[in-house]
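J.: Below: sequence and its predicted model.
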Protein chains: 2
Amino acid sequence: MRFIHTADWHLGRIFHGVHLTDDQAYVLEQFIGLVHDARPDAVLIAGDIYDRSVPPHEAVQLLDEVLYRIVMDCRVPVLIIAGNHDSARRLGFGHRLLARQGLHITSQPDNDLAPVVIEDCHGPVYFCPVPYVDPPVVRDCLGVQDARGHDSAMAVLVDYWQARVPGGARKVALAHAFVAGGEGSESERPLSIGGADKVQVAHFRAFNYTALGHLHKAQPAGEEQIRYAGSLMKYSFSEAEHKKSVTLVEMDARGVVTREEIALCPRRDVRRLDGFLRDLLVGPPPGVSREDYIMVTLRDSGAILDAMGKLREVYPNVLHIERPHLNCGGDLRGPGGDHRRLGELDLFASFFQQVAGEELTSEQQRVIAGIVEQIYRQDYRPEQGGGAARLTEQRETGVLA
Amino acid sequence: MRFIHTADWHLGRIFHGVHLTDDQAYVLEQFIGLVHDARPDAVLIAGDIYDRSVPPHEAVQLLDEVLYRIVMDCRVPVLIIAGNHDSARRLGFGHRLLARQGLHITSQPDNDLAPVVIEDCHGPVYFCPVPYVDPPVVRDCLGVQDARGHDSAMAVLVDYWQARVPGGARKVALAHAFVAGGEGSESERPLSIGGADKVQVAHFRAFNYTALGHLHKAQPAGEEQIRYAGSLMKYSFSEAEHKKSVTLVEMDARGVVTREEIALCPRRDVRRLDGFLRDLLVGPPPGVSREDYIMVTLRDSGAILDAMGKLREVYPNVLHIERPHLNCGGDLRGPGGDHRRLGELDLFASFFQQVAGEELTSEQQRVIAGIVEQIYRQDYRPEQGGGAARLTEQRETGVLA
């Protein structure tokens, strides 16, 4: 038995204002190629197919196309569970009809739920889908009162499956949950507050493999056969160092699994750059793409006119700039004393001290004094890049450090 | 060949603040019973399945359930086209897989579209779905430049089908369009402004039957075999006199059709009542439901305290009250002269003249004078139904006409 485990596609995601559907289509094209070449017995998608309960219609159309090609062109059954980002009832439309074509979408638990059974030459493997559901929904759907939190709800769901799979049979769970001890990223939406969203890894020990979704970093959840496949793409800059992949799992006659992570190559990587503007403007080393989605940490301490514009001339997809110097400098309560009693130069020096955390040098003071003088002479034209542009220019040419 | 033609379900509709999903489920239960009993070869739903592009998830779940029961339990294929209220891409999710189970959803035209062919003992019948699409989408999808308006776009789509159905074969069109000459209702959303949304009936003459959607009144569109089935329910008070039904069509070996309208009985009818409050408060005659959705036209000319509250004690689902007297009376520019110079009684008489279009009688003047006196004596308690309630009471008991 061979299957591919993936999760957290988040179709329709918007990343710092950029609609990622085209990037997702690019990666999914590789994924379809992989399914075509690897000829697995099944594809498992462990929740968060969409990024939100009402996804953009481009995302709906992309999913329709991808699933059709896997199920009909490659003839590989697909098992999907809903994640916390999906709308269970929207995702579940037509599920009973679609299941007869090999597309098994499980978005809500109920007492009619049966495992998806796929056979290989050694016999059946029972796939047990555990969609993400809030504990009260578990109580309603299965009529049990003791599913108070996420962990006890998971216990109920796993018991449900244990009762429906023959003893000794090979079985695989799909679940969308935060297994205690897992490492999160910035792009996951918490399931509840205060750590109450965690479930114990022990629930899954009865399964030969557990295909997890929710955490965006590919990782084992305590044990090797209980794993997160990780997200389709990097969905936050905190994931810049992740290797995004899908997991190809081989299960033998006894249910023992071996696995392989197969990397997915994005159209544009998500990277972080850190340095001074003049160094960053040199551009990337040969062979490194300028087109990646980039977050820049700028080390420069002083004013920079249109840093985003300058960086985008070199890296067109800079999406975010962080300036630690501007955040750490001084308090923001205003200059000491009564600012109405300070002259322009003292007032600016106080402001500079506040945001940059250092004193104006005498050279800097001379430049500012010149600008103030220009303003009084009325030949200062900010809309044409007057004093401020000159200040930046002087900084970049070394007059200002 | 026998098929049922229905349209304009508008699942998820909100009617004067009331979510109609439960009422729609009630009527659809009858519809499923009809399908079960009539054993048609197909069910045709001619667009506006949902009321809006992102329907509430209760509506999604209801449609899922209804279609499953028709397709799987009754084993009757269903053909659906998108209407102008539906989101083509959302409604179309999974359509190629669902079609293999007998659920044929056509939401966008494209060059791969094939007719749905259903056989009877006389041979095949070709069903040609024409979903609602804006003319620019027709141009894009089919690569034709001359689909400038709705009528020319329909010509292109009909030509498309004519080219794909063998000459002499029996054929049925499903279309969601405003056929010129049809009678509209208040609950249809115009397709475009200024009458440019109309298409000519001539487009459909080549078909043995045309199952139309869009207009909410069941009616022929110029010719008997080109018909609107009408909406599932009454979706505006302008439809109070409609008979809502579905059309059961029988087609013989030559393609000649006979038909029968089969009424659907709503959980609550939509009705208009017209009269004086005291007459309406008597309640309905025996055998007429108090639970219907009701719009009341109140003929009373004077002030009535909480007319809605009083009417709902008798008819709990009064949704709208119209008071023609309050709309037609005088101009609203204020009393003649300077109102600051008028006494309370004259000011009220002027106001009454304005809104009711008639003078206070001497008896009415006496009542108002009494209320004004109470107010000055400070024993007027409006929150306990003081003067105004007494005024209403006197009106209802006949002291005030």
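T.: Looks like it arrived, so ask away. The structure displayed is predicted, hence computed values, not measured ones.
J.: Show the contacting residues for the residue sitting nearest the centre point of chain A.
T.: Among the residues of chain A, the one closest to the centroid is A:Y235, at 2.6 Å (CA atoms, centre = their mean). Residues near A:Y235 by CB atoms under 8 Å, 6 or more residues apart in numbering or on different chains: A:D8, A:H10, A:R13, A:F15, A:S185, A:S187, A:H216. Every residue, glycine included, has its C-beta placed from N, CA and C.
J.: So it, which state does it fall into?
T.: Following DSSP: H, G, I helix; E, B strand; the rest coil, A:Y235 is assigned to coil.
J.: do the longest helix anywhere in chain A and chain B meet at all?
T.: Ranked by number of residues, the top helix in chain A under DSSP state H is helix A:21-38. No - Helix A:21-38 stays clear of chain B (CB under 8 Å from any CB of the partner chain), getting no nearer than 12.2 Å.
J.: from the middle of its chain, how far away would that helix be?
T.: Taking CA atoms, centre = their mean, to the nearest Å, one finds helix A:21-38 lying 18 Å from the centre of the chain it belongs to.
J.: The very next helix or strand once past that helix: partners in the sheet, and parallel or antiparallel?
T.: Going down the chain from helix A:21-38, the next helix or strand is strand A:42-45, by DSSP states H and E. Strand A:42-45 pairs in its sheet with strand A:2-6 (parallel), strand A:78-81 (parallel), by DSSP bridges.
J.: average model confidence for the helix or strand following the shortest one?
T.: What it means is strand A:78-81. As assigned by DSSP H and E, the chain's next helix or strand after strand A:78-81 is helix A:88-91. Helix A:88-91 shows an average pLDDT of 91 in the prediction.
J.: can you check stretch A:215-230 too?
T.: Stretch A:215-230 comes out at a mean pLDDT of 94.
J.: what's the angle between the helix or strand encompassing A:T210 and strand A:2-6?
T.: A:T210 is located in strand A:209-213, with elements delineated by DSSP H and E. Computed with axes from the mean of the first three to the mean of the last three CA atoms, to 10 degrees, the direction of strand A:209-213 lies at 20 degrees from that of strand A:2-6.
J.: so what strands line up beside the helix or strand just after strand A:209-213?
T.: Next along the chain after strand A:209-213, taking DSSP H and E as the criterion, comes strand A:219-221. Strand pairing for strand A:219-221, using DSSP bridges, gives strand A:223-228 (antiparallel).
J.: can I get the CA coordinates of the partner strand in CSV?
T.: C-alpha atoms of strand A:223-228 as CSV (Å, rounded to 0.1, in the frame of the first residue of the first chain):
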residue,chain,number,x,y,z
GLU,A,223,6.4,9.3,17.1
GLU,A,224,7.6,8.6,13.6
GLN,A,225,4.4,7.2,12.2
ILE,A,226,2.3,10.0,13.6
ARG,A,227,3.2,13.0,11.4
TYR,A,228,2.4,16.4,10.1
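J.: Check which helices and strands the very next helix or strand once past that strand is in contact with.
T.: Next in sequence after strand A:223-228, counting helices and strands by DSSP H and E, comes strand A:245-251. Where contact means 3 or more CB pairs under 8 Å, 6 or more residues apart in numbering or on different chains; DSSP states H and E, strand A:245-251 is packed against strand A:2-6, helix A:21-38, strand A:209-213, strand A:257-263.
J.: taking the mean pLDDT, what do you get for strand A:245-251?
T.: Strand A:245-251 comes out at a mean pLDDT of 97.
J.: ok, and the closest non-adjacent residue to the residue of the stretch 201-350 of chain A found nearest chain B?
T.: Nearest residue of the stretch 201-350 of chain A to chain B, counting by CB to the nearest CB: A:L232, 19.0 Å away. Using CB to CB, 6 or more residues apart in numbering or on different chains and skipping the chain neighbours, the partner closest in space to A:L232 is A:W9 (4.6 Å).
J.: again with A:L248
T.: A:E260 (4.7 Å).
J.: low pLDDT regions in chain A?
T.: Applying pLDDT under 70 to chain A flags the ranges A:192-195, A:327-341, A:380-401.
J.: Would you mind saying which of the helices and strands packed on strand A:245-251 lies nearest A:Y376?
T.: With CB to CB as the criterion, A:Y376 lies closest to helix A:21-38 of the helices and strands packed on strand A:245-251, at 52.1 Å.
J.: Buried residues, stretch A:12-26. List them.
T.: By neighbour count with 16 or more other CB atoms under 10 Å in any protein chain shown, stretch A:12-26 contains the buried residues A:G12, A:R13, A:F15, A:L20, A:T21, A:D23, A:Q24, A:A25, A:Y26.
J.: Contacts only, for the last one.
T.: Spelled out, it's A:Y26. For A:Y26, the contacting residues are A:P266, A:R267, by CB under 8 Å, 6+ apart.
J.: Among the helices and strands packed on strand A:245-251, show me which one is buried the most.
T.: strand A:209-213 (a mean of 29; mean count of other CB atoms under 10 Å in any protein chain shown).
J.: helices and strands around that strand, which ones?
T.: Using 3+ CB pairs under 8 Å, 6+ apart, strand A:209-213 is in contact with strand A:170-176, strand A:223-228, strand A:245-251.
J.: Let's have these in TSV, adding mean neighbour count.
T.: Output for the helices and strands packed on strand A:209-213, formatted as TSV (neighbours: other CB atoms under 10 Å in any protein chain shown):
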stretch	mean neighbour count
strand A:170-176	26
strand A:223-228	20
strand A:245-251	20
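J.: Could you export these as a markdown table, including distance to A:L113?
T.: Shown next, in a markdown table, are these (distance: least, CB to CB, whole Å):
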| stretch | distance to A:L113 |
| --- | --- |
| strand A:170-176 | 12 |
| strand A:223-228 | 21 |
| strand A:245-251 | 22 |
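J.: Tell me the residues of the stretch 101-250 of chain A that contact chain B?
T.: A:Q101, A:L103.
J.: So which residues of chain A form helices?
T.: A:21-38, A:57-68, A:88-91, A:95-99, A:135-142, A:150-162, A:277-280, A:307-314, A:324-328, A:344-356, A:362-377, A:387-396.
J.: With respect to burial, which of those helices scores highest?
T.: Comparing the helices of chain A by mean count of other CB under 10 Å gives helix A:88-91 as most buried, with a mean of 22.
J.: Does that helix reach chain B?
T.: Yes - using CB under 8 Å from any CB, helix A:88-91 reaches chain B at A:R89, A:R90.
J.: Extract the C-alpha set from that helix and format it as CSV.
T.: Output in CSV follows, covering the C-alpha atoms of helix A:88-91 (Å, rounded to 0.1, in the frame of the first residue of the first chain):
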residue,chain,number,x,y,z
ALA,A,88,-17.6,21.8,6.9
ARG,A,89,-21.0,22.1,5.2
ARG,A,90,-19.7,24.0,2.1
LEU,A,91,-16.8,21.6,1.6
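J.: Run through the residues that contact A:V158.
T.: A:V130, A:A173, A:H203, A:F204, A:A206.
J.: please redo it, this time with the cut-off set to 7 Å
T.: By CB atoms under 7 Å, 6 or more residues apart in numbering or on different chains, the contact set of A:V158 is A:H203.
J.: With distance to A:T297 as extra columns, can I get the helices and strands packed on strand A:245-251 in TSV?
T.: Putting those into TSV (distance: least, CB to CB, whole Å) gives the following:
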stretch	distance to A:T297
strand A:2-6	31
helix A:21-38	23
strand A:209-213	31
strand A:257-263	26
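J.: Can you check which of those gets nearest to B:S245?
T.: helix A:21-38 (43.0 Å).
J.: and the angle from that closest one to strand A:2-6?
T.: Relative orientation of helix A:21-38 versus strand A:2-6 (the same axes, to 10 degrees): 170 degrees.
J.: Quick check on A:L360: phi, psi?
T.: phi -60, psi 140 (degrees, to the nearest 10).
J.: residues touching it, list them.
T.: A:A349, A:F352, A:I368.
J.: Look up how far A:G302 lies from the last one.
T.: The one in question is A:I368. According to CB to CB, to the nearest Å, A:I368 and A:G302 sit 11 Å apart.
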